[in-house]
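1. Sequence and predicted structure are below.
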Amino acid sequence: MKLKIHLLLLVALPLLSFTAHKYYLSLTQINYKSEAKAVQIIINVFMDDIELALNKDYNIDLQLTTKRELENNDIYFEKYLKNKLNFKVDGKAKNFNYLGKEYDGDLVFFYLEIENINEVKSIDVSNQLLLEHFPEQQNLIKSKVGKKNKSVLLTKDESSTLLKF
């Protein structure tokens, strides 16, 4: 009997250590388009994470990709992004335009743009997306200005960065 218990433990313990792990990660891609004189930004986040955050923050029930999805959900997306994201280009605070969103599988892609930018030497990014609701959240920033690429991983402890080009 003792041998059976030991064998069971030998088989069960390794299986219990491989529980499902949820990753909390967003990707923000920042590209300066000189011909458009604009900084174009694409953000992708997991749909269930952004839905939970907005439902809690604004006391709503988004129900994304269902028949009951709120018709005016872009209002909440834009408000949330404007509260959690800040950009400075060459040391000057810049507002972004919320262009819209689209769904792809379990991701939501947000499209933003900062207009009237003649050149870019630096971009200061503050990204606090989902940090309030998910302490393990990481926000990856990838940027391209001209031929220079920069990447940085932001966390709850360090949610902003200065990218120099």
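-> Done, it's in.

2. Please enumerate the strands of this protein.
-> Along the chain, counting by DSSP state E, strands occupy 25-33, 38-46, 85-89, 92-94, 97-104, 107-114, 122-127, 138-145, 148-154, 160-164.

3. Residue 56 is nearest to which of these?
-> strand 38-46 (14.8 Å; CB to CB). The way it works is simple: take the backbone N, C-alpha and C, and place the C-beta from them, glycine included.

4. And that closest one, what's buried?
-> Buried positions in strand 38-46, judged by neighbour count with 16 or more other CB atoms under 10 Å: 38-41, 43-46.

5. As a markdown table, the residues you listed with pLDDT would be great.
-> Formatted as a markdown table, the buried residues of strand 38-46 follow (pLDDT from 0 to 100):
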| residue | pLDDT |
| --- | --- |
| 38 | 98 |
| 39 | 98 |
| 40 | 98 |
| 41 | 98 |
| 43 | 98 |
| 44 | 97 |
| 45 | 97 |
| 46 | 96 |
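
6. from the residues you listed, which is closest to residue 114?
-> Of the buried residues of strand 38-46, the one sitting nearest to residue 114 (CB to CB) turns out to be residue 39, at 4.1 Å.

7. For that closest one, give the beta-bridge partners.
-> Taking DSSP bridges as the rule, residue 39 bridges to residue 32, residue 114.

8. My read is that it contacts residue 29, right?
-> No: using CB atoms under 8 Å, residue 39 makes no contact with residue 29, being 10.8 Å away.

9. ok, back up a step: out of the buried residues of strand 38-46, flag the one nearest to residue 118.
-> Looking across these and measuring by CB to CB, the closest to residue 118 is residue 38, at 10.4 Å.

10. what residues are up against the closest one?
-> Applying CB atoms under 8 Å, 6 or more residues apart in numbering to residue 38 gives the contacts 32, 113-117.

11. Just the buried ones from those residues?
-> 32, 114, 117.

12. Would you reformat those as TSV and include pLDDT and distance to residue 158?
-> Converted to TSV, the buried ones among the contacts of residue 38 look like this (pLDDT from 0 to 100; distance: CB to CB, whole Å):
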residue	pLDDT	distance to residue 158
32	98	23
114	98	23
117	98	25
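
13. okay, now residue 148: neighbour count?
-> When counting by other CB atoms under 10 Å, one arrives at 12 neighbours for residue 148.

14. if I look at it, how far off is residue 155?
-> Using CB to CB, to the nearest Å, we find residue 148 at a distance of 24 Å from residue 155.

15. circling back to that earlier point, and the buried ones among the contacts of residue 38, which is closest to residue 101?
-> Once CB to CB is applied, the member of those that ends up nearest residue 101 is residue 114, at 17.3 Å.
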